[in-house]
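Student: let me see the structure of the following:
(one chain, ligands or ions: 3)
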Amino acid sequence: MRIGVPKEIKNNENRVAVTPSGVVAFVKAGHEVLVEKNAGIGSGFTNEEYLTAGASLIDQAADVWAGADMIMKVKEPLASEYDYFREGLILFTYLHLAAEPELAKALTEKGVTAIAYETVEVNRTLPLLTPMSEVAGRMSAQIGAQFLEKPHGGKGILLAGVPGVQRGKVTVIGGGVVGTNAAKLAVGLGADVTIIDLSPERLRQLDDLFGNQVNTLMSNPLNIAEAVAASDLVIGAVLIPGAKAPKLVSEAMIASMKPGSVVVDVAVDQGGIIETVDKITTHDNPTYVKHGVVHYAVANMPGAVPRTSTLALTNVTLPYALQIAGKGVLQAVKDNAALQLGVNVAGGSITYEAVARDLGYEYVPVGKALDKISVSS
Ligand SMILES: NC(=O)C1=CN([C@@H]2O[C@H](COP(=O)(O)OP(=O)(O)OC[C@H]3O[C@@H](n4cnc5c(N)ncnc54)[C@H](O)[C@@H]3O)[C@@H](O)[C@H]2O)C=CC1
Ligand SMILES: CC(=O)C(=O)O
Ligand SMILES: [Mg+2]
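Tutor: Ligands and ions are numbered 1, 2, ... in the order given. Predicted structure coming up:
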């Protein structure tokens, strides 16, 4: 199979989907890899390293897309890339389709087989989302601490406090991978940390993990309202796989926060859990202020630490990509239930139930959609 690796074009997105060592693995398995020139530069991988690994370097993105059977990316394609879609193309990347109706329309209309990193699932875990959630979770606490500083628009508090002065209060809503990693860093920074989750089992695990270093609270509107009003920093970290994020923090709750407080809605890639987060921001211009509260809503946070993130992401994506390349998408998905759950679009249909429901499409199970492809191909 020919694997294409375009350079990422989202604002300040410096990750790359395949490293030179990934190229070596593909080539060893008999595949060909087309890498767009400079695709790896932002992550510290030179064009020469890709050439030495056995890749072909391609000048234009259009030629990478046109020449590949499978495109591997990091972020969802942007509108300027939709023209590259074609029937039978395999796309393996983050998609976040519930928050991207136009992308869903383009993928279905053009007959792309699109496999989303974020819905590949093993034993109720999301192995291709986890490393980026670890990165974004850890970043969210340090970013929150930074925007609480006066020169960055915050109220001017140090999360750790100092002897004789109160610590800052951090509330993390959603205690999964992002939330746990946010709490780890916030605890490390010396903050007074509360984690809110809907799952009693998860709250017990968090209590075992952190002991009395954090407060745990059941997720309900009253607990969320009280915790948000008292917080200096709120981190949004809820996920219902594939689905649009539930709006758990209302505009009134945001208005109840003291001016100069900060919210970091990590879940913004699925639409965000904060009502006043009504747009995605970029690394170039990451915040805006509403009701006196600084809002941070960057959907590709790990893109700011590309070396760490590219290595962490490609560690987990490569084995799946090798299966798709080796067996073809139909057989790979038949053989691997985890990968099957990653298929969001196939044969012109939406094949992931939560995405279909949220975007108002008929849901077609993967098996049925892929049968359609195998009959027509
Ligand atoms: N902005 C960015 O750059 C990045 C965003 N993300 C996003 O962060 C979000 C969280 O991801 P993960 O932590 O990996 O998910 P996860 O599945 O590990 O954790 C989600 C948690 O939310 C909890 N939850 C569900 N409904 C809830 C409710 N009503 N109230 C409170 N908690 C509730 C679940 O019990 C679970 O513990 C996702 O949308 C993910 O795509 C991840 C990486 C980077
Ligand atoms: C998960 C995701 O959206 C990211 O890493 O950018
Ligand atoms: Mg995202």
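
Student: stretch 15-35: how far from the chain's middle?
Tutor: Between the centre of stretch 15-35 and the centre of its chain there are 22 Å (Cα atoms, centre = their mean, to the nearest Å).

Student: stretch 229-241 close to ligand 1?
Tutor: Yes - shown here: stretch 229-241 in contact with ligand 1 (Cβ under 6 Å from any ligand atom) through 237-240. In short, each C-beta sits where N, CA and C put it, glycine included.

Student: what's the end-to-end length of that stretch?
Tutor: The stretch stretch 229-241 measures 28 Å between its terminal residues, going by Cα to Cα, to the nearest Å.

Student: re earlier: what about the residues of stretch 229-241 next to ligand 1, which one has the most neighbours?
Tutor: For the residues of stretch 229-241 next to ligand 1, the largest number of neighbours (other Cβ atoms under 10 Å) sits with residue 237, at 30 neighbours.

Student: where's it relative to residue 341, distance?
Tutor: 21 Å (Cβ to Cβ, to the nearest Å).

Student: picking up where we left off before, make a markdown table out of the residues of stretch 229-241 next to ligand 1 and add distance to residue 335.
Tutor: Shown next, in a markdown table, are the residues of stretch 229-241 next to ligand 1 (distance: Cβ to Cβ, whole Å):
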| residue | distance to residue 335 |
| --- | --- |
| 237 | 33 |
| 238 | 32 |
| 239 | 27 |
| 240 | 27 |
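
Student: from those residues, which land in helices?
Tutor: Judged by DSSP state H, the subset of the residues of stretch 229-241 next to ligand 1 located in helices is empty.

Student: so what's the closest residue to ligand 3 within the chain closest to, chain neighbours aside?
Tutor: At 3.0 Å from ligand 3, residue 269 is the closest residue in the chain, using Cβ to the ion. Of all residues not flanking residue 269 in the chain, residue 299 sits nearest, at 4.3 Å (Cβ to Cβ, 6 or more residues apart in numbering).

Student: can you count the residues close to the closest residue to residue 1 other than its chain neighbours?
Tutor: Setting aside the residues directly before and after it, residue 1 is nearest to residue 325 in space (Cβ to Cβ, 6+ apart), at 4.3 Å. For residue 325, the neighbour count with other Cβ under 10 Å is 25.

Student: surely residue 109 and residue 348 touch.
Tutor: Yes - using Cβ atoms under 8 Å, residue 109 makes contact with residue 348 at a distance of 7.4 Å.
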